[in-house]
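okay, sequence plus prediction incoming.
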Amino acid sequence: MIFCAEAYMLLEHLHFFHTVAEKGGFTRAAEALHVTQPAVSSQIIKLEEDLGQKLFERQRKRVQLTRAGEILFAHSRNIFQQLREVEGILEDLKSLETGKLSLGTIDVISIYVLPQIFHQYHQRYPKVEISIVVDNSTSISTGVLQGLLDLGFVTLPVDNKNLVSIPIYNDIMRVIAPRGHPLASQKEVSLADLTKTTLIIYKKGSVTRKIIESIFEQEGLKLEPDMEIDRPEAMKKLVEAGLGVSIIPEMTIKRELEEGTLHVLHMGKVKFQRRLGLIYRKGQFFSPSVMAFLEILRSTIKPDLSIKSGLPVA
């Protein structure tokens, strides 16, 4: 049985161990912890003695985790992540107005979906500190897994058993061309036609790129774009400038279609669409500020595009 004093000492030893493993050496860990290197070494030696396991292989300029160290490091990540979550929840309980909310989102959602939600949230909780990271789905998923982000808005599917994903938006995508493009005069455009023109597409490896590639592959065609970029706003500007044809979310081009600067190509039975969704860690604790955000999200997203029963409730 570990008593309170012993538990505190073990947690302190574990903190030193975790920092050494994370920083890759005793010197950098000492700098991060604002202590001397001998103090760090002493803590690690004591922990190794208590556990009866060697945790590091000491090398000249760096250290390497042993198998026991790798196992302990994996668990220490979870321990300190949960401690951070609990600390945030307890802080929020003092007053929701002083809470924090950290979100990751792909750019389309940040521009066309979240602003109205943020407007309502800020009106109700003006002093909650909001941090927003705009990135690709893969990076956002990593941030959520590491506990750096409370929630993420990404393109689905997400292939990780430690993440829960909830579809919230069916994103229709359109093939667009600049005014006067040869394909714009065709009554119907085929996928084969697209392979013969200049294509501006999402970067290889992205979830959206894989979705688009699969549609071409179903027709026995290989997608070989001339330009790759992850930002739909940049894509449509390149198309407007006459540099090629692209496949981007319909929600991003409403103004340009009204102004006549872009033309939607008619693809017959071919449909490009993707599911956008919310992700969070399996077993994650939700602070009051996160739960308040989820409540507003639930009431704002369109009923026919959401899975309300899937969103966490207080």
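Perfect, I can see it now. Residues are numbered from 1 along each chain as shown.

which stretches of the stretch 201-314 of the chain form helices?
207-218, 232-240, 254-259, 288-300 (DSSP state H, counting those that start in this stretch).

the ones you listed: which one's closest to residue 117?
Among the helices of the stretch 201-314 of the chain, helix 288-300 comes nearest to residue 117, with 5.2 Å by Cβ to Cβ. Yep, even glycine has a C-beta here, placed from its N, CA and C like the rest.

and that closest one, average pLDDT?
Per-residue pLDDT over helix 288-300 has a mean of 89.

could you list the low-pLDDT ranges of this structure?
For the chain, applying pLDDT under 70 flags the ranges 1-8, 89-98, 302-314.

what's the next secondary structure element after the longest strand that it contains?
The strand spanning the most residues in the chain, taking DSSP state E as the definition, is strand 163-178. Downstream of strand 163-178, the first helix or strand assigned by DSSP states H and E is helix 191-195.

and the longest strand of the chain, which strands flank it?
Strand partners for strand 163-178, identified by DSSP bridges, are recorded as strand 245-249 (antiparallel), strand 262-264 (antiparallel), strand 272-281 (antiparallel).

which parts of that strand are buried?
163-166, 168-169, 171, 173-178 (16 or more other Cβ atoms under 10 Å).

about what we covered before: dump the strands paired with strand 163-178 into a markdown table; add distance to residue 211 as well.
Formatted as a markdown table, these follow (distance: least, Cβ to Cβ, whole Å):
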| stretch | distance to residue 211 |
| --- | --- |
| strand 245-249 | 10 |
| strand 262-264 | 19 |
| strand 272-281 | 5 |
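
nearest to residue 218, out of the ones you listed?
strand 272-281 (12.0 Å).

how about the closest one as PDB, C-alpha atoms only?
What follows is strand 272-281, C-alpha atoms only, in PDB (Å, rounded to 0.1, in the frame of the first residue of the first chain):
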ATOM      1  CA  PHE A 272     -17.500  14.300 -54.500                       C
ATOM      2  CA  GLN A 273     -18.300  14.600 -50.800                       C
ATOM      3  CA  ARG A 274     -16.700  14.100 -47.500                       C
ATOM      4  CA  ARG A 275     -17.800  13.900 -43.800                       C
ATOM      5  CA  LEU A 276     -16.500  16.500 -41.400                       C
ATOM      6  CA  GLY A 277     -16.600  15.600 -37.800                       C
ATOM      7  CA  LEU A 278     -15.700  16.200 -34.200                       C
ATOM      8  CA  ILE A 279     -13.000  14.100 -32.500                       C
ATOM      9  CA  TYR A 280     -11.900  13.700 -28.800                       C
ATOM     10  CA  ARG A 281      -9.900  11.200 -26.800                       C
END
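
how near is residue 197 to residue 283?
In this view, residue 197 and residue 283 are 48 Å apart by Cβ to Cβ, to the nearest Å.

what about those two, which has more around it?
Applying other Cβ atoms under 10 Å to residue 197 and residue 283 shows that residue 197 carries more neighbours, namely 15 against 9.

that one: what secondary structure?
Under DSSP: H, G, I helix; E, B strand; the rest coil, residue 197 falls in the coil class.

against residue 263, how distant is the residue nearest to it when sequence neighbours are not counted?
Counting by Cβ to Cβ, 6 or more residues apart in numbering, the nearest residue to residue 197 once its immediate chain neighbours are dropped is residue 245, at 5.3 Å. As judged by Cβ to Cβ, residue 245 and residue 263 stand 10 Å apart.

which residues touch residue 74?
By Cβ atoms under 8 Å, 6 or more residues apart in numbering, residue 74 lies in contact with nothing.

ditto for the one 3 residues further on
Contacts here follow Cβ under 8 Å, 6+ apart; on that basis residue 77 touches 18, 146.

give me the more crowded residue out of residue 245 and residue 263.
Shown here are residue 245 and residue 263; by other Cβ under 10 Å, residue 245 has more neighbours (25 against 21).

what bridges to that one?
residue 199.

name all residues that make contact with it.
175-177, 181, 183, 194, 197-200, 239, 265.

as a markdown table, these with distance to residue 220 would be great.
A markdown table is the format used below for the contacts of residue 245 (distance: Cβ to Cβ, whole Å):
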| residue | distance to residue 220 |
| --- | --- |
| 175 | 19 |
| 176 | 24 |
| 177 | 24 |
| 181 | 25 |
| 183 | 20 |
| 194 | 14 |
| 197 | 18 |
| 198 | 21 |
| 199 | 17 |
| 200 | 23 |
| 239 | 26 |
| 265 | 20 |
